[in-house]
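*Asks:* Take this sequence and fold it.
(one chain, ligands or ions: 1)
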Amino acid sequence: MSIKTAVIGAGVMGKCHLDQLIQMDDVEVAALVDPHEPATRAAAEKYHISATYGDIEAMLTDIHPEYVVVASPVRYHAVQAIAAFNAGAHVLVEKPLCMSMEEAAAIKAAAIKAGRLFTMGFQMRQHRGYRALAEFLAEGKLGQVYHSRVWGGHVMNYPWGRYFHKKEESLGGVVVATVVHPLDALYWILGAPEPMSVSASVFCKLNKMPNPPINFEGTVDEVSVEDFAHAHVRFVDGSSMSIEGNWLMHPTQRSMGFEIHGLLGMGRSITPHVELEDGKEIIPHEFKEQTGWGDQTRLEHEEFIAAIQGHGKPMVSFREALNVHKIMTGLYDSAEQGCEVVF
Ligand SMILES: NC(=O)c1ccc[n+]([C@@H]2O[C@H](COP(=O)([O-])OP(=O)(O)OC[C@H]3O[C@@H](n4cnc5c(N)ncnc54)[C@H](O)[C@@H]3O)[C@@H](O)[C@H]2O)c1
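*Replies:* As a prediction, the model looks like this:
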């Protein structure tokens, strides 16, 4: 029996999900929801979806989907995910999860009350090389991890679209839109240690530049999110993490990545590999298998649908999702208050 599925949002990410979902034998894409009529019509035509809606409630009442993919702007994630759970669907929510920790707790409560499954659009977790790296760490081969570093951004490039530069629509800038991917992957590979505190600074460089590189639908004076951020996170296990994000970085060959420092060596994300120190020499070890973004999105759906059908667990747990969100919202609170935030 195919899984009756509805996609919310017909933008860049909604279409990325549809590209994969329509190819899957056990999925029927039954509805598409987006209030922007031209976007909905064009996507419905392209993906042969007969039922389109401008709002989620009418869709849930008519279609009763078993699986809902929330790929709308962040400010709608909580209300839509909760509505979908209340209607009995299993839900994948795109990153970042929602606008606040209160909303995150409400999403979790709705899923538990409905007895339905949850996952998130963190498809770096479906990268085979990172999975091999995660297993390597879980086996203790890097020794005790005492520090990690994660960074992400773009080379002089703001993200596309109408929302990402506005805090009231997107929660934040480079951290929640871009760094969130390698941050989540690193956090998961580390085995999800409990965060204790965060201390951060953020900066908005765009509106201070003589020739700001704008490739979004808006003007410089509408920008209310950070394009640079730096943070230091302490974990209960005594380890630390440094986080850096920059949408306006100068040319570099490594705009996104992470490093893991352990007592026995170091793990890296770019062509995932480790360098083990045996006292005399460094022994490199590569995790060669690579996976593309589209394949990772496909695997994300395959794994979640398998969990819906009773095979295995969803890839992202509420504990992990809420802790990643806690680190990011704590980062913004710390930057605003000018001091360390203790959880
Ligand atoms: N996992 C990833 O790799 C990845 C990549 C890009 C974006 N995203 C996430 O996906 C989400 C959407 O981003 P995007 O890049 O597709 O943005 P986008 O601007 O391209 O598309 C958003 C779409 O949502 C529609 N929309 C607005 N209000 C809505 C509502 N109330 N209900 C339903 N649809 C509504 C808009 O009309 C638009 O078509 C965001 O949370 C973003 O962070 C994830």
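
*Asks:* Contact residues of the stretch 51-200 of the chain facing the ligand?
*Replies:* Residues of the stretch 51-200 of the chain lying near the ligand by CB under 6 Å from any ligand atom: 71-74, 76, 94-95, 121, 123, 161-163, 177. (Glycine included, C-beta is placed from N, CA and C.)

*Asks:* how about a cut-off of 8 Å?
*Replies:* When proximity is defined by CB under 8 Å from any ligand atom, the stretch 51-200 of the chain lies next to the ligand at 54-56, 70-74, 76-77, 80, 94-96, 121-123, 159-164, 170, 176-177, 180-181.

*Asks:* where's the nearest residue to residue 339 once chain neighbours are set aside, which helix or strand?
*Replies:* Spatial nearest neighbour of residue 339, excluding adjacent residues (CB to CB, 6 or more residues apart in numbering): residue 199 at 7.3 Å. Residue 199 is part of strand 195-203 when elements are defined by DSSP states H and E.

*Asks:* Just checking: what are the partner strands of that strand?
*Replies:* Strand pairing for strand 195-203, using DSSP bridges, gives strand 228-235 (antiparallel), strand 341-342 (antiparallel).

*Asks:* buried sites along stretch 87-97?
*Replies:* Residues 87, 89, 90, 91, 92, 93, 94, 95, 96, 97 are the ones in stretch 87-97 that count as buried (16 or more other CB atoms under 10 Å).

*Asks:* Looking at those, which are in strands?
*Replies:* 90, 91, 92, 93 (DSSP state E).

*Asks:* thinking again about what came up before, with distance to residue 286 and pLDDT as added columns, please give the buried residues of stretch 87-97 in CSV.
*Replies:* Shown next, in CSV, are the buried residues of stretch 87-97 (distance: CB to CB, whole Å; pLDDT from 0 to 100):
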residue, distance to residue 286, pLDDT
87, 46, 98
89, 40, 98
90, 36, 98
91, 36, 98
92, 31, 98
93, 33, 98
94, 31, 98
95, 28, 97
96, 31, 98
97, 33, 98
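
*Asks:* Looking at those residues, which is nearest residue 273?
*Replies:* Nearest to residue 273 among the buried residues of stretch 87-97 is residue 95, at 25.5 Å by CB to CB.

*Asks:* Point me to the residue of the protein nearest the ligand.
*Replies:* Residue nearest to the ligand within the chain (CB to the nearest ligand atom): residue 11, separated by 1.7 Å.

*Asks:* Could you check how far that residue is from residue 99?
*Replies:* Look at residue 11 and residue 99: by CB to CB, to the nearest Å, they are 18 Å apart.

*Asks:* Using the three-state scheme, assign residue 252.
*Replies:* coil (DSSP: H, G, I helix; E, B strand; the rest coil).

*Asks:* Tell me who's in contact with it.
*Replies:* Taking CB atoms under 8 Å, 6 or more residues apart in numbering, we find residue 252 in contact with residue 155.

*Asks:* pLDDT wise, what is the spatially closest residue to residue 305 that is not a sequence neighbour at?
*Replies:* In space, and not counting its chain neighbours, residue 305 is closest to residue 3: 5.7 Å by CB to CB, 6+ apart. According to the prediction, residue 3 has pLDDT 97.

*Asks:* all helices for the stretch 51-200 of the chain, in order.
*Replies:* Counting by DSSP state H, counting those that start in this stretch, the stretch 51-200 of the chain has helices at residues 56-63, 77-86, 101-114, 128-138, 167-170, 174, 180-189.

*Asks:* Same list (these) but as CSV, adding mean pLDDT.
*Replies:* CSV is the format used below for the helices of the stretch 51-200 of the chain (pLDDT from 0 to 100):
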stretch, mean pLDDT
helix 56-63, 98
helix 77-86, 98
helix 101-114, 98
helix 128-138, 94
helix 167-170, 94
helix 174, 97
helix 180-189, 98
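
*Asks:* Dump these into JSON lines; add distance to residue 301 and mean neighbour count as well.
*Replies:* As requested, these are exported to JSON lines (distance: least, CB to CB, whole Å; neighbours: other CB atoms under 10 Å):
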{"stretch": "helix 56-63", "distance to residue 301": "18", "mean neighbour count": "17"}
{"stretch": "helix 77-86", "distance to residue 301": "16", "mean neighbour count": "23"}
{"stretch": "helix 101-114", "distance to residue 301": "18", "mean neighbour count": "17"}
{"stretch": "helix 128-138", "distance to residue 301": "16", "mean neighbour count": "18"}
{"stretch": "helix 167-170", "distance to residue 301": "24", "mean neighbour count": "16"}
{"stretch": "helix 174", "distance to residue 301": "27", "mean neighbour count": "26"}
{"stretch": "helix 180-189", "distance to residue 301": "17", "mean neighbour count": "24"}
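
*Asks:* okay, those helices in CSV with distance to residue 44 next?
*Replies:* Listed next are the helices of the stretch 51-200 of the chain as CSV, based on distance: least, CB to CB, whole Å:
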stretch, distance to residue 44
helix 56-63, 13
helix 77-86, 19
helix 101-114, 27
helix 128-138, 33
helix 167-170, 24
helix 174, 33
helix 180-189, 29
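
*Asks:* Which one, of those, ends up nearest to residue 287?
*Replies:* Minimum separation from residue 287 across these (CB to CB) falls at helix 128-138, 3.8 Å.

*Asks:* quick check: angle from the closest one to helix 180-189?
*Replies:* Per axes from the mean of the first three to the mean of the last three CA atoms, to 10 degrees, the angle that helix 128-138 makes with helix 180-189 is 40 degrees.
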